[in-house]
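Q: model this:
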Amino acid sequence: MDMARMLELLSLQRHDFLNHLQVISGLLQLNKEDRAREYIREVTRDIVRLSRVVHLKVPEVAAAFLIAHHRFADHDIEVHYDVQADLAGCAVPGKELGPVLEDVLQNIVEYLAPVENTERDLFIKINRSGRDYECIFSFNTMSGGRCYNGRETIQRVEERLAPYWGKLDGNVGDRKCHIVMFLPAGE
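A: Numbering: from 1, shown residues only. The predicted model follows:
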């Protein structure tokens, strides 16, 4: 991971940490101890959820997810992670895979972000499929009357993954979109 990305992540984490402390301090000053305890539980759940991403063995991928997580939070998009594989044996180099994931995640942010979109849940699953890996992104598609159209992103990502035998496949149904990134394992 390059230094600029690392500094961006540290800045985001610092901002979040200070914000949480301010909220807790404010609740305690208003004598809302029960609400402060609940807020601490919410923050703890979010940190536990993110820890699954932090433990991925490809730093550029972990950074892409962490930065995207902040973008999702800025738009009140709830992200649910199911990380069953750490990508340690992925054949796609991190310097290629990180930007590919950023592209996919940014496209999803842009789709889910508009105010009229009322269903803002994103499910991300990373698992091993045979000897290879899958990253699956699932979300509702017909919210606010707009259909998801990520063809350009899929084509761009496919071109970047092709040299490593990776691919991206999208399945848009009546209510759900599933984007599956297939990543081969190394030798």
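Q: which regions of the chain sit below the pLDDT cut-off?
A: 1-2, 142-149, 174, 187 (pLDDT under 70).
Q: so what does the longest helix belonging to it touch, helix or strand wise?
A: As assigned by DSSP state H, the longest helix anywhere in the chain is helix 3-29. Contacts defined by 3 or more CB pairs under 8 Å, 6 or more residues apart in numbering; DSSP states H and E place helix 3-29 against helix 33-54, helix 59-74. All C-beta spots, glycine's among them, are computed from the backbone N, C-alpha and C.
Q: let me know which of the ones you listed is the nearest to residue 183.
A: helix 59-74 (9.7 Å; CB to CB).
Q: buried ones in the very next helix or strand once past the closest one?
A: Next along the chain after helix 59-74, taking DSSP states H and E as the criterion, comes strand 78-83. Neighbour-count burial for strand 78-83 flags 79, 81, 83 (criterion: 16 or more other CB atoms under 10 Å).
Q: excluding chain neighbours, what is closest to the residue sitting nearest the centre point of the chain?
A: With distances taken as CA atoms, centre = their mean, residue 65 lies nearest the centre of the chain, 4.2 Å away. Nearest non-adjacent residue to residue 65, counting by CB to CB, 6 or more residues apart in numbering: residue 53, 4.3 Å away.
Q: identify the residues contacting the one you found.
A: 62, 65, 66, 69, 81, 83 (CB atoms under 8 Å, 6 or more residues apart in numbering).
Q: look up how far residue 54 lies from the second one.
A: Which is residue 65. Per CB to CB, to the nearest Å, residue 65 is found 9 Å from residue 54.
Q: list the buried ones in the longest helix of the chain?
A: Neighbour count says helix 3-29 has 5, 9, 12, 16, 20, 23, 24, 27 buried, by 16+ other CB under 10 Å.
Q: excluding sequence neighbours, find me the nearest residue to the fourth one.
A: Yep, that's residue 16 we're talking about. Here the residue nearest residue 16, using CB to CB, 6+ apart, is residue 70, at 7.6 Å.
Q: give me the neighbour count for the one you found.
A: 15 (other CB atoms under 10 Å).
Q: which SS state does the residue of the chain most remote from its centre fall under?
A: Residue farthest from the centre of the chain, counting by CA atoms, centre = their mean, is residue 31 at 35.5 Å. Following DSSP: H, G, I helix; E, B strand; the rest coil, the label given to residue 31 is coil.
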